[in-house]
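Asker: Coordinates only, no sequence provided:
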């Protein structure tokens with residue numbers, strides 16, 4: 001997420017072509033711009049303005065691309081019967097749809113931008129490209145364990161979805177767990193990753209009372225497994241020991257299922273940027289996130305089972 005809350009209205013044709021490139025090619029092995037600064041910056045948990053019926057329809061479409069399994073869980077597929085929603089932060093097409101992504105949506109205790117463009121490295125590697133690639137890798141790892149996996153977007157829509165729809169997709173699917181994948185846009189001097197968990201919010205259409213505790217457990221597991229898999233340090237410019245609790249993110253406020261965000265690193269920091277642009281590191285990042293989700297759902301620790309896939 002971009003700490004300067006940049007929702008770009010125009011880019012060069014070259015940048016647009018780069019954003020429109022088929023991101024699926026990055027998955028051969030198979031989280032308002034992100035940040036913690038201004039209110040606009042914190043608006044970046046991303047998703048499109050739709051009526052409840054449209055959100056349900058989007059969830060149904062996403063479900064059709066998942067790989068459900070009705071069989072009983074086995075040692076090889078311990079996540080059989082479990083549904084996990086992965087939310088790739090932002091959308092490559094957001095750059096070309098400033099009007100749509102700047103519209104305000106209700107997040108329960110206030111209103112936020114529908115979405116933002118996200119951040120990018122100094123070399124132009126976008127957060128949207130990063131999150132989609134890592135989300136594909138997480139999806140493949142979890143499917144190999146028998147899980148049904150739903151993506152909130154797969155680079156297959158012009159913009160969005162808005163933050164409220166992203167939450168609705170997980171709710172409609174009755175997901176066992178959900179995670180929003182992001183890269184942060186913090187100060188260039190800061191590095192490291194952090195996991196964001198929902199605060200208790202009971203306001204308007206938001207009520208996180210039932211998910212605060214399980215989301216906290218999920219956040220701890222994802223933090224620990226991501227740290228182990230990647231060696232990435234806890235963020236030194238925000239959060240506390242890699243953990244943050246926030247009440248301003250619509251994707252968390254409106255969720256009725258256990259959910260966290262992960263800011264996998266600071267894309268504005270040269271060291272983090274170098275790691276995040278490395279496909280092998282992205283695979284380790286996906287591994288860590290998948291392990292945390294699997295541990296949350298089984299309590300058994302599956303790092304060894306998914307390693308190398």
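Answerer: Alright, I've got the coordinates. Nothing here was measured: the structure is a model prediction, and the numbers come from that model.
Asker: all helices for this structure, in order.
Answerer: 13-20, 52-64, 98-102, 127-143, 163-172, 212-230, 250-253, 270-276, 279-298, 303-306 (DSSP state H).
Asker: Any idea which of those helices gets closest to residue 239?
Answerer: For these, proximity to residue 239 was assessed by CB to CB; helix 212-230 is nearest, at 9.6 Å. (Each C-beta comes from the backbone N, C-alpha and C, glycine too.)
Asker: Could you check the angle the closest one makes with helix 279-298?
Answerer: Helix 212-230 and helix 279-298 are oriented at 140 degrees to each other (axes from the mean of the first three to the mean of the last three CA atoms, to 10 degrees).
Asker: Lowest-scoring secondary structure element of the chain by mean pLDDT?
Answerer: Within the chain, no helix or strand scores below helix 13-20, which has a mean of 37 by mean pLDDT, DSSP states H and E.
Asker: quick one, which of the helices of the chain is packed in tightest?
Answerer: helix 250-253 (a mean of 31; mean count of other CB atoms under 10 Å).
Asker: Which strands and helices lie in contact with that helix?
Answerer: helix 163-172, strand 194-198, strand 259-266 (3 or more CB pairs under 8 Å, 6 or more residues apart in numbering; DSSP states H and E).
Asker: If we use 7 Å, what do you get?
Answerer: Contact analysis of helix 250-253 by 3 or more CB pairs under 7 Å, 6 or more residues apart in numbering; DSSP states H and E lists helix 163-172 as its packing neighbours.
Asker: quick one: the helix it packs on to chain centroid distance?
Answerer: Its chain's C-alpha centre and that of helix 163-172 lie 12 Å apart, by CA atoms, centre = their mean, to the nearest Å.
Asker: Between strand 259-266 and that helix, find me the angle.
Answerer: Using the same axes, to 10 degrees: helix 163-172 against strand 259-266 is 130 degrees.
Asker: that older thread, quick one: closest of the helices of the chain to residue 75.
Answerer: Among the helices of the chain, helix 303-306 comes nearest to residue 75, with 8.5 Å by CB to CB.
Asker: one step back: and the helices of the chain as TSV, adding distance to residue 202?
Answerer: Shown next, in TSV, are the helices of the chain (distance: least, CB to CB, whole Å):
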stretch	distance to residue 202
helix 13-20	38
helix 52-64	20
helix 98-102	28
helix 127-143	30
helix 163-172	15
helix 212-230	11
helix 250-253	10
helix 270-276	36
helix 279-298	24
helix 303-306	36
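Asker: Which of those helices sits closest to residue 190?
Answerer: Minimum separation from residue 190 across these (CB to CB) falls at helix 270-276, 8.8 Å.
Asker: Now do that closest one: everything it contacts.
Answerer: With contact meaning CB atoms under 7 Å, 6 or more residues apart in numbering, helix 270-276 is reached by 121, 122, 130, 183, 191, 264, 265, 266, 267, 281, 282.
Asker: and with 6 Å instead?
Answerer: 121, 130, 191, 265, 266, 267, 281 (CB atoms under 6 Å, 6 or more residues apart in numbering).
Asker: check contacts around the spatially closest residue to the second one that is not a sequence neighbour.
Answerer: To tie it back to what came earlier, the one meant is residue 130. Leaving aside its chain neighbours, residue 130 sits nearest to residue 183 (5.0 Å; criterion: CB to CB, 6 or more residues apart in numbering). Applying CB under 6 Å, 6+ apart, we find residue 183 in contact with 127, 130, 264, 267.
Asker: quick check, nearest of those residues to residue 290?
Answerer: residue 264 (13.1 Å).
Asker: Could you measure from the closest one over to residue 76?
Answerer: Between residue 264 and residue 76 the computed distance is 28 Å (CB to CB, to the nearest Å).
Asker: So which of the two has more stuff around it?
Answerer: The residue with more neighbours, out of residue 264 and residue 76, is residue 264; 32 against 10, by other CB atoms under 10 Å.
Asker: Would you list the phi and psi of the residue nearest to residue 212 when sequence neighbours are not counted?
Answerer: Nearest residue to residue 212 in three dimensions, chain neighbours excluded: residue 200, at 5.1 Å (CB to CB, 6+ apart). The phi/psi pair for residue 200 (degrees, to the nearest 10) reads phi -80, psi 120.
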